[in-house]
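Undergrad: okay, predicted coordinates and the sequence, questions at the end:
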Amino acid sequence: MKKFTISVSLLLPAICACGQIMEEAWRQAAIVEKNIGLPTFREQQYSIIAFGAKPNNPAHLNHEAINDAIATCSNEGGGVVTVPAGVFYTGPVTLKSNVNLHLKEGAVLKFTTEAKHYFPAVLTRWEGIDCYNAHPLIYAYKSENIGITGKGVIDGSASNSDWWAKCGAVKYGYREGQISQRTGRPKLLNFEQSETPVEARVMAEEDGLRPQLINLYSCTRVLIEGVRLINSPFWVIHPLLCDQLTVRNVSVESHGPNSDGCDPESCSNVLIENCTFDTGDDCIAIKSGRNNDGRRWNRPSENIIVRRCKMKDGHGGVVIGSEISGGYKNLYVENCEMDSPELDRVIRIKTSTCRGGVVENVFVRNVKVGQCKESVLKINLVYDPRERCRRDFPPTVRNVHLDNVTSEKSAYGVLITGLEGMENVYDITVSNSSFNGVEKGNSILGARNVKYANLYINGKLTE
């Protein structure tokens with residue numbers, strides 16, 4: 001009994017400190033949420049049918065009618081562009097200010113897989129690199145007060161027969177001689193490393209770089225709500241340089257290569273809530289630009305809240321990186337459920353000496369995990385060691401706190417791989433948590449001040 005009493009007394013200061021840190025973090029989260037403004041729209045409705053859209057006809061692409069409806073709505077002061085029940089085959093769609101694109105129940109926007117329809121190229125980022133690339137399936141540029149809402153489906157139509165094969169991997173349908181990113185990706189990476197001016201980074205159809213399903217570039221007050229997003233060519237939701245973004249009650253289902261669910265990049269004041277992610281890559285991946293481009297912009301992602309979400313398949317549940325050269329600060333994750341034999345990690349931070357930057361202030365509480373493959377918390381500072389790049393930008397990860405996280409199966413609890421001879425990962429705590437079915441325990445390399453307060457692994461208190 002005496003030994004138990006001493007153990008508890010030693011734990012109490014650490015538990016109290018963790019509690020105070022988390023209480024203050026969620027006070028700050030409440031302030032962040034107040035700064036996330038929702039868009040408002042006029043009640044005026046513009047049905048795409050009135051602009052010539054025709055449902056259920058695969059031979060007829062409706063993007064001209066849809067874009068005409070959106071432009072008219074925006075020019076007349078805004079309102080709601082409605083997509084009624086039916087399958088509307090379409091090419092790329094461009095959203096504009098003060099427009100809510102609303103898909104009614106039973107509505108499907110089904111996008112063509114013919115790449116020619118997505119050119120000429122538009123300004124975007126691809127894997128964190130600034131460029132002109134294929135028009136995203138839904139795109140907005142420097143717009144404000146916009147929405148994508150409703151109970152309908154946005155179907156990117158991607159499969160191993162078309163978009164996914166362009167990743168260049170045989171398991172996704174690639175065959176020798178096909179157009180694929182095997183051509184375009186090395187070219188784009190060289191543009192970034194050589195600091196080629198962005199206006200000269202114009203990618204063509206033959207470069208094979210797949211477009212995002214939704215890419216919102218430099219937009220303010222955005223709402224994505226209720227819709228089901230499936231079969232994306234590439235990243236599913238990619239807000240870029242946006243402020244005041246809400247994604248809620250959205251279902252993401254896409255198991256292709258690089259099918260990240262939601263990738264806020266260099267964004268601020270973001271709320272992602274009540275969403276379900278079932279993906280072929282990270283469920284949520286926060287980014288801020290790759291290498292020279294991220295450092296040139298020097299715009300971190302910051303102030304992001306993730307709550308009451310469900311994560312199924314994916315490389316990670318909530319992830320920061322790897323394109324994180326602009327840095328990241330202030331992530332709040334709470335009340336989420338994650339469970340799948342094909343979910344690799346729960347909380348993941350991935351970066352490298354190519355990236356540099358500082359990732360700080362990550363707060364996670366009340367997360368329930370059924371199982372994941374690798375680890376509950378993974379911090380990796382040696383991600384993608386084969387990348388060709390300047391490697392004199394050591395990153396820093398600090399102030400990461402997990403509280404009341406439970407897991408029933410994983411290879412590791414906490415897995416940290418820092419830099420050899422450095423301790424650029426520090427001030428990490430896991431408190432009031434229980435990880436069961438852990439095969440290999442914790443593994444900590446290149447980190448300092450990693451603390452556990454009331455953490456049980458396989459029923460045993462971890463010191």
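TA: Nice, I can see it.

Undergrad: how confident is the prediction for Val333, by pLDDT?
TA: pLDDT recorded at Val333 is 98.

Undergrad: against Asp344, how distant is it?
TA: Relative to Asp344, Val333 is positioned 17 Å away (Cβ to Cβ, to the nearest Å). Backbone N, C-alpha and C define where each C-beta goes, glycine included.

Undergrad: neighbour count: the two, which is higher?
TA: Val333 (25 against 21; other Cβ atoms under 10 Å).

Undergrad: what helices or strands is the strand or helix carrying the more buried one leaning on?
TA: Taking DSSP states H and E as the criterion, Val333 maps to strand 328-334. Based on contacts counted as 3 or more Cβ pairs under 8 Å, 6 or more residues apart in numbering; DSSP states H and E, the elements that strand 328-334 packs against are helix 2-34, strand 301-307, strand 318-321, strand 358-369.

Undergrad: what lines up beside that strand in the sheet?
TA: Paired neighbours of strand 328-334 in the sheet (DSSP bridges): strand 301-307 (parallel), strand 358-369 (parallel).

Undergrad: contacts for it?
TA: With contacts defined as Cβ atoms under 8 Å, 6 or more residues apart in numbering, strand 328-334 is touched by 25-26, 28-29, 32, 286, 288, 300-308, 318, 320, 347, 357-367.

Undergrad: so where do the strands sit in the stretch 151-300 of the chain?
TA: Assigned by DSSP state E, counting those that start in this stretch, the stretch 151-300 of the chain shows strands spanning 153-155, 214-217, 220-225, 228-230, 237-240, 243-248, 251-254, 268-273, 276-279, 284-286.

Undergrad: which residues of the protein fall in helices?
TA: 2-34, 63-75, 181-193, 291-297 (DSSP state H).

Undergrad: dump those into CSV; add distance to Ile154 and mean pLDDT as well.
TA: As requested, those are exported to CSV (distance: least, Cβ to Cβ, whole Å; pLDDT from 0 to 100):
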stretch, distance to Ile154, mean pLDDT
helix 2-34, 26, 74
helix 63-75, 12, 98
helix 181-193, 23, 98
helix 291-297, 28, 98
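
Undergrad: and of those helices, who's closest to Glu273?
TA: Closest of the helices of the chain to Glu273 is helix 2-34, at 9.9 Å (criterion: Cβ to Cβ).

Undergrad: quick one, what contacts the closest residue to Val414 other than its chain neighbours?
TA: Leaving aside its sequence neighbours, Val414 sits nearest to Asn442 (Cβ to Cβ, 6 or more residues apart in numbering; 4.4 Å). Each residue near Asn442 by Cβ under 8 Å, 6+ apart is listed here: 412-415, 457, 462.

Undergrad: again with Leu402
TA: By Cβ under 8 Å, 6+ apart, the neighbours of Leu402 are 347, 364-365, 367, 376-377, 429-431, 433.

Undergrad: quick check: PyMOL command selecting the buried ones in those residues.
TA: A single PyMOL command selects the buried members of these (16 or more other Cβ atoms under 10 Å):
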select buried, resi 347+364+365+367+376+377+429+430+431+433
